[in-house]
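Enquirer: just need the structure, nothing else, for what follows:
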Amino acid sequence: MAFAQRAREYNEPIPIDSRAADNLRFIRDTMERAVSFTAVPGWGGVAMGITALMTGALALRMPAQRQFGAWLIEALLALSIGCIAVRMKSQRLALSLNSRPAKRALLSFVPPLLVGAVLSVALYRADMLAVLPGLWLLLYGAAVVTGGAFSVRIVPVMGICFMLLGGIALLMPVISGNLFLMIGFGFMHIVFGTLIARRHGG
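Expert: Residues are numbered from 1 along each chain as shown. Now for the predicted structure:
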């Protein structure tokens with residue numbers, strides 16, 4: 001009788017306590033970080049948004065060609081801010097930029113930007129500057145979506161929002177191009193940058 005009771009107790013499943021559940025959660029989070037690039041700069045995005053709003057405000061009274069030049073300078077400034085912010089966040093989180101997820105994210109992010117640079121030169125030479133705001137937003141969004149495929153979920157969502165805004169910008173009057181650039185590279189960077197910073201470590 002005692003033997004049968006012991007056998008039943010032995011065969012009964014052992015309930016997982018809260019400590020085991022915490023360990024499983026830690027393992028799952030570690031595995032997710034191992035296959036994704038999490039050093040996306042939230043506060044860096046906010047900084048890029050602020051400089052974009054300043055550029056847009058300065059460009060409001062400029063002619064089209066000078067607006068083009070102002071936003072090119074802003075693009076270089078934003079790129080510098082982004083690179084510095086990524087490096088700082090990766091160092092703070094002890095994440096290597098030579099890891100496979102980081103390299104995949106970078107290789108996916110860069111091609112749409114290179115396409116945008118080439119098309120910008122071609123459109124500038126053809127005096128078709130009105131197309132550029134929508135084009136920039138579309139291709140930047142595409143870069144964020146493709147690069148974000150190897151990052152946290154909110155990053156590709158941000159890219160889709162940029163692409164939608166770029167599509168709308170192409171259908172709007174030419175005069176609204178600077179406004180759309182301010183909305184996209186300014187306000188959207190600030191909103192999504194803040195969300196990333198709060199949810200994913202800065």
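Enquirer: what's the helix or strand hosting residue 164 packed up against?
Expert: Element membership for residue 164, per DSSP states H and E: helix 154-171. Counting contacts by 3 or more Cβ pairs under 8 Å, 6 or more residues apart in numbering; DSSP states H and E, helix 154-171 is packed against helix 132-148, helix 177-181, helix 189-199. The way it works is simple: take the backbone N, C-alpha and C, and place the C-beta from them, glycine included.
Enquirer: can you add mean pLDDT and give those back as TSV?
Expert: Below are these laid out as TSV (pLDDT from 0 to 100):
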stretch	mean pLDDT
helix 132-148	93
helix 177-181	94
helix 189-199	91
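Enquirer: looking at these, which is closest to residue 66?
Expert: helix 177-181 (11.0 Å; Cβ to Cβ).
Enquirer: nearest spatial neighbour of residue 92, skipping sequence neighbours?
Expert: The shortest distance from residue 92 to any non-neighbouring residue, by Cβ to Cβ, 6 or more residues apart in numbering, is to residue 202 (6.8 Å).
Enquirer: and the gap between that neighbour and residue 191?
Expert: From residue 202 over to residue 191 the distance is 16 Å, taken as Cβ to Cβ, to the nearest Å.
Enquirer: so what's the residue nearest to residue 92 up against?
Expert: Neighbouring residues of residue 202 by Cβ atoms under 8 Å, 6 or more residues apart in numbering: 41-43, 89, 92.
Enquirer: redo those residues as TSV? Include pLDDT.
Expert: Below are the contacts of residue 202 laid out as TSV (pLDDT from 0 to 100):
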residue	pLDDT
41	83
42	87
43	91
89	82
92	82
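Enquirer: buried ones among the residues you listed?
Expert: Buried by 16 or more other Cβ atoms under 10 Å: 41-43, 89, out of the contacts of residue 202.
Enquirer: wait, is residue 62 part of a strand?
Expert: No: secondary structure of residue 62 (DSSP: H, G, I helix; E, B strand; the rest coil): coil, not part of a strand.
Enquirer: burial measure for it, as a count.
Expert: Neighbour count for residue 62, taken as other Cβ atoms under 10 Å: 14.
Enquirer: give me phi/psi at it?
Expert: When read as degrees, to the nearest 10, the backbone of residue 62 gives phi -90, psi 150.
Enquirer: find the nearest non-adjacent residue to it, please.
Expert: Spatial nearest neighbour of residue 62, chain neighbours left out: residue 70 (6.4 Å); criterion: Cβ to Cβ, 6+ apart.
Enquirer: residues contacting that neighbour?
Expert: If you count contacts by Cβ under 8 Å, 6+ apart, residue 70 has them with 55, 58-59, 62.
Enquirer: give me the low-pLDDT residue ranges for the protein?
Expert: The model of the chain has pLDDT under 70 over residues 1-39.
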